[in-house]
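Peer 1: Could you work out the structure for the sequence below:
(one chain, ligands or ions: 1)
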Amino acid sequence: MSEKKQIIITGGTGFIGSHTVVEVIKAGFDAIIFDDFRNSKPWILDRLEKISGCKIKHFDVDCNNYNAMSTALNSLQNVTGIIHFAADKAVGESVLNPVKYYENNIGSLTQILKLAKDFEIEHLVFSSSCTVYGEPASPIVTEETEIKKATSPYGATKIACEELIQFAVQSDQKLKATLLRYFNPIGAHPSAEIGELPQGIPNNLVPYITQTAKGIREQLTVFGNDYETIDGTNVRDYIHVVDLADAHVKALQRSIKQEANFCEAYNLGTGKGSSVLEIIHTFEEVNDLKLNYVIGDRRPGDVVQIWADPSKANNELGWSCKYTIKDALKHSWSWEQNID
Ligand code: UFG
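Peer 2: Have a look, this model is predicted:
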């Protein structure tokens, strides 16, 4: 029997999930991946084993399928926690297909919570998003900032999932939960073995930048330069994905020390905002290249500016960011060049 505490990581071959697998193993846990590769690739598993230097157990299961997950759990002995990443995350797609988002994102969480109860799994770490704050009154947000009515089905599922977890914790003496509200994850593992793998045309800024630099996309469009911000373009809190992954380990370690009914939310950002143009120019500078971009129209639904006050995560999780935006943009470019 394995001595190590086993942690199930759903979506463990996805962007944030794969980096978290590496950090979870580094911290001395046994990482077990639940992933059916619908938004990733099986070869990520090989890369994870290469980086971690150990065999990683993987189950090809849909997180909406309770029976498949419980069969997997029956073969494991020491599962202590679940980090639940598996979800759909494209805001635009969610507007076109809201049912898919409610079914997959909320449906899978209901199955995960049933599983946690039935198998007496004590710790849940959940992937939430700064999207829960909507367009905030002040650009810097704490965990006390008002949760706004969602502007997309994707955002609505994150709010609903947070609420469901809070109710589940209140109803169950065993379950302890941490809700991690991500700002904008960028970068890749410094080894360039794993990183973001968008399916089709990227929605997010940095993969669009790296694909344009590589020649896969002809030109990047900056969505609007007439906002009331430092240079007219939107401002976000871009955080290196390895720092984000590390926060999941810190969250687990803290959860393990908590009493019954523990449920806390944490902002995971650097505390610093960067504009779209700042990201583009920093990318050009650190990688010594020129990017083909134009200024276009605003993208409907974009928040003007938002960045995190990460003090709560810094103080309570003992977590802080180690990488800079320059590091992240170098790592993103190394990774892009390493994709076949
Ligand atoms: N942008 C461009 N051109 C592009 C892509 C993005 O100018 O081709 C701009 C956007 O307008 C925005 C910034 O780059 O100002 C960042 O856009 P992303 O799509 O990378 O990220 P978002 O901040 O829009 O979205 C992120 C997450 C979502 C989450 C949202 C909450 O990806 O999952 O934050 O605010 F819902």
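
Peer 1: Tell me where the stretch 201-340 of the chain has strands.
Peer 2: Under the criterion DSSP state E, counting those that start in this stretch, strands of the stretch 201-340 of the chain are mapped to 220-223, 235-236, 238-240, 263-268, 274-275, 293-296, 307-308.

Peer 1: average pLDDT across the first one?
Peer 2: With pLDDT averaged residue by residue, strand 220-223 scores 98.

Peer 1: The closest residue to residue 131 other than its chain neighbours: what secondary structure?
Peer 2: In space, and not counting its chain neighbours, residue 131 is closest to residue 155: 4.2 Å by Cβ to Cβ, 6 or more residues apart in numbering. Backbone N, C-alpha and C define where each C-beta goes, glycine included. Counting by DSSP: H, G, I helix; E, B strand; the rest coil, the backbone at residue 155 sits in helix.

Peer 1: OK, contacts around residue 155?
Peer 2: Residues in contact with residue 155 (Cβ atoms under 8 Å, 6 or more residues apart in numbering) are 91, 129, 131-132, 134.

Peer 1: Please list which of those residues are also close to the ligand.
Peer 2: Residues of those in contact with the ligand (Cβ under 6 Å from any ligand atom): 91, 129, 131.

Peer 1: and which of those residues is nearest residue 294?
Peer 2: Nearest to residue 294, judged by Cβ to Cβ, of those is residue 91 at 22.3 Å.

Peer 1: Give me the pLDDT for the closest one.
Peer 2: Reported pLDDT for residue 91: 93.

Peer 1: Hmm, residue 300 and it touching each other?
Peer 2: No. Using Cβ atoms under 8 Å, residue 91 is not in contact with residue 300, being 10.1 Å away.

Peer 1: how near is the residue nearest to residue 131 to residue 101?
Peer 2: Taking Cβ to Cβ, to the nearest Å as the measure, residue 155 falls 10 Å from residue 101.

Peer 1: What's the separation between the residue in the chain that the ligand sits nearest to and residue 298?
Peer 2: Residue of the chain nearest the ligand, by Cβ to the nearest ligand atom: residue 234 (2.9 Å). With distances taken as Cβ to Cβ, residue 234 is found 9 Å from residue 298.

Peer 1: mind checking which helix or strand of this structure has the lowest mean pLDDT?
Peer 2: Scoring the helices and strands of the chain by mean pLDDT, DSSP states H and E places helix 91-96 at the bottom, with a mean of 94.

Peer 1: Can you name the element that comes right after it?
Peer 2: Sequence-wise, the next helix or strand downstream of helix 91-96 (DSSP states H and E) is helix 98-101.

Peer 1: element containing residue 24?
Peer 2: With secondary structure defined by DSSP H and E, residue 24 is part of helix 15-26.

Peer 1: For that helix, give the mean pLDDT please.
Peer 2: Helix 15-26 comes out at a mean pLDDT of 98.

Peer 1: Who are the contact partners of the closest residue to residue 236 other than its chain neighbours?
Peer 2: Spatial nearest neighbour of residue 236, excluding adjacent residues (Cβ to Cβ, 6+ apart): residue 184 at 4.6 Å. Residues near residue 184 by Cβ under 8 Å, 6+ apart: 204-205, 236-239, 269.
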